[in-house]
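K.L.:
Provide a 3D model corresponding to the input given below.
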Amino acid sequence: MNPWEGLGMMMPSEHVWDAIYREALAAVPGRIASNRGVALAFHTVVDGLHQAQPGELDRLIAGEARWREAAASGLTQPPAELRQPEDVLAGVAWSVAHSTALERVLTDEGTFHWLMEHLPVHRPTVGGNSGNMALALADLGFPRVLVFTPPLHPTLARLLAQAPQIQVLAGEGAVPIAAAPVQAREGALHWIFEYPPGMELHLPGRAVTATRANRFIAAWNPGNHRLAEGTQWLHAFAPHAARFSHLILSGFQLLSETYPDGTTFETWAAPLLAALAAVRQHAPGLLIHYEWASMASPKIRAYLLRELLPQVDSLGLNEAELALMAHDLGHPEWARASGPAWILDTLHLLHEKTGVRRIQLHMPGLYLTTTTAPGGVQEERLALAYTALAAAARSAQGRATGSGLTAHLATPLAPAGLELLEALARLPGMEGTPEGVEGFRWQNLTIVGMPTRWVDRPVWTVGLGDLISAVPFSLWDPA
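P.N.:
Reported below is the predicted structural model:
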């Protein structure tokens, strides 16, 4: 029975959550300092941020009828891959209309140059899932952060050197980024169209308005488009893996279903999974997390559910990606249902189908972790609270360091997160309390929820999901 049902009891007050946040500020830095080491792979790139300007998309598509039609077509169905400018415009329109982050692989060099000409980069930063995570972890004081890099080029090396404790593999092992050889003149770039709330896009017959800040990403990464560089890195990492406690993977969203030479995604994914198995042999105690990312291909998603997730301990994703999970698991109607029941149904089925021990879901206003084993609730809750402060700092300032988190105790709690927690508490079969020592318990899951801090007008949203997943997982110790 739900503890509030029929008793007239109230959900925890904001003072209770504030106390948890303050405890996190006191307890988590020590846990960070004692971390043995986090390794991160598969794509570290330069993020080329293009900050949306009022009316610029309207002016661009006004010049070509086919561009206006392409953007309008994207409202109902985003492109699977970016092979021409029309695909880029359709993807941007879909993201703005739904106010949802979207990433697609850019596979055509001419389209990449078109982007650089018409919507140029305003600010280069460290990017890619592993790059974003590495810089976030290092900024927060994790003492040993090893990151995958393709052959280093000067811009990427300079950006990573913002955090001197970042290491890369070179020669016989891990070396500080400052000592790493720079082997290439240029490399991958992920073009990011970041837009604010209220941005309008006028299309044939209608206008769409972004309800919250978000971004569309065109991932230009020809060197790792088949993840061959990632496979090589795992083989190089395997002999050193036992020196680390945590490994975070992502990057399968870079794959295409088929390639011009007749190979398929399975051709390239299978060797990578074999390399991951070799890492497991060298370091059986290593905790492995996979960070899901937006990908269009149902075949690739099904492959990852079947072949990859049973090999990892933890999974990170957002609510849009979870909706696709419900579809891929055979229940598309769940995501259309009202309330949070479909969320827990999908998470429960994911645990059952894959055997993954921990899933972390980040939604606007709420972080939610589910595990198949009891215990560790207080540690996870504090990790989520600390992460929420770091996410607020990154949103408001562009970077998050340990010294800058306390100020965000003044950032208000997200009303949407509090409402979602209250709705979870009312679900049939839910036991426990959100702030209690055992958290929520539902069927065989232990559930930890944390309402986040809400930055009303963020200046930076790129990489937030990566930070939000990387920090709590790197603090996770199920032993």
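
K.L.:
going forward, measure contacts between C-alpha atoms and count neighbours the same way
P.N.:
Noted.

K.L.:
do you know the pLDDT at the closest residue to Ala80 other than its chain neighbours?
P.N.:
Closest residue to Ala80 apart from its sequence neighbours, by CA to CA, 6 or more residues apart in numbering: Ala296 at 5.1 Å. We have a pLDDT of 84 for Ala296.

K.L.:
isn't Ala296 right next to Leu82, touching?
P.N.:
No. Under the criterion of CA atoms under 8 Å, Ala296 makes no contact with Leu82, lying 11.2 Å away.

K.L.:
contacts only, for the residue nearest to Ala80.
P.N.:
Pro79, Ala80, Glu81, Arg104 (CA atoms under 8 Å, 6 or more residues apart in numbering).

K.L.:
any quick PyMOL command for the buried ones out of these?
P.N.:
Restricted to buried positions by 16 or more other CA atoms under 10 Å, the PyMOL selection for the contacts of Ala296 reads:
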select buried, resi 79+80+81+104
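
K.L.:
buried ones in whatever helix or strand Leu420 lives in, by neighbour count?
P.N.:
Assigned by DSSP states H and E, Leu420 belongs to helix 415-425. Of the residues in helix 415-425, those with enough neighbours to count as buried (16+ other CA under 10 Å) are Ala416, Gly417, Leu418, Leu420, Leu421, Glu422, Leu424, Ala425.

K.L.:
how much space between the fourth one and Ala179?
P.N.:
Spelled out, that is Leu420. 47 Å (CA to CA, to the nearest Å).

K.L.:
please read off the pLDDT at His122 from the model.
P.N.:
Note for His122: predicted pLDDT of 92.

K.L.:
what of Gly187?
P.N.:
Reported pLDDT for Gly187: 84.

K.L.:
kindly report the same for Glu257.
P.N.:
Glu257 is given a pLDDT of 95.

K.L.:
hang on, the earlier thing: so for the helix holding Leu420, mean pLDDT?
P.N.:
Mean predicted confidence for helix 415-425 is 94.

K.L.:
and that helix, how far out from the chain's middle?
P.N.:
Remark: helix 415-425 is offset 22 Å from the chain centroid, using CA atoms, centre = their mean, to the nearest Å.

K.L.:
kindly format the C-alpha coordinates of that helix as PDB.
P.N.:
Only the C-alpha atoms of helix 415-425 are listed here, as PDB (Å, rounded to 0.1, in the frame of the first residue of the first chain):
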ATOM      1  CA  PRO A 415       7.800  21.600 -10.000                       C
ATOM      2  CA  ALA A 416       7.600  18.900 -12.700                       C
ATOM      3  CA  GLY A 417       9.900  16.700 -10.800                       C
ATOM      4  CA  LEU A 418       7.900  17.000  -7.600                       C
ATOM      5  CA  GLU A 419       4.700  16.300  -9.400                       C
ATOM      6  CA  LEU A 420       6.200  13.200 -11.000                       C
ATOM      7  CA  LEU A 421       7.400  11.900  -7.700                       C
ATOM      8  CA  GLU A 422       3.900  12.400  -6.300                       C
ATOM      9  CA  ALA A 423       2.400  10.500  -9.200                       C
ATOM     10  CA  LEU A 424       4.800   7.600  -8.700                       C
ATOM     11  CA  ALA A 425       3.900   7.500  -5.000                       C
END
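
K.L.:
what strands flank the following helix or strand past it, and is each parallel or antiparallel?
P.N.:
Following helix 415-425 in sequence order, the next helix or strand is strand 431-432 (DSSP H and E). Strand 431-432 has its sheet partners listed here by DSSP bridges as strand 440-442 (antiparallel).

K.L.:
average pLDDT for the partner strand?
P.N.:
pLDDT averaged over strand 440-442 gives 96.

K.L.:
hang on, isn't Pro415 packed against Gly365?
P.N.:
Yes. In terms of CA under 8 Å, Pro415 counts as a neighbour of Gly365; the distance is 7.0 Å.

K.L.:
contacts for the helix holding Leu420?
P.N.:
With CA under 8 Å, 6+ apart, helix 415-425 has contacts from 2, 4, 11, 339-341, 364-366, 430-431, 433-434, 440, 449-452.

K.L.:
any of those residues buried? List them.
P.N.:
Buried among the contacts of helix 415-425 by 16+ other CA under 10 Å: 2, 4, 11, 340-341, 365-366, 430-431, 433-434, 440, 449-452.

K.L.:
least confident of those?
P.N.:
The lowest pLDDT within the buried ones among the contacts of helix 415-425 belongs to Trp4, with 34.

K.L.:
in the stretch 251-400 of the chain, which spans are strands?
P.N.:
Using DSSP state E, counting those that start in this stretch, the strands assigned to the stretch 251-400 of the chain run over residues 287-291, 314-318, 358-363, 366-371.

K.L.:
including distance to Ser469, could the ones you listed go into CSV?
P.N.:
Listed next are the strands of the stretch 251-400 of the chain as CSV, based on distance: least, CA to CA, whole Å:
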stretch, distance to Ser469
strand 287-291, 7
strand 314-318, 6
strand 358-363, 7
strand 366-371, 9
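
K.L.:
Ile20: which of these is closest?
P.N.:
Nearest of the strands of the stretch 251-400 of the chain to Ile20, taken as CA to CA: strand 366-371 at 14.2 Å.

K.L.:
what are the buried residues along stretch 394-411?
P.N.:
Arg394, Ser395, Ala396, Gly398, Arg399, Ala400, Gly402, Leu405, Thr406, His408, Leu409, Thr411.
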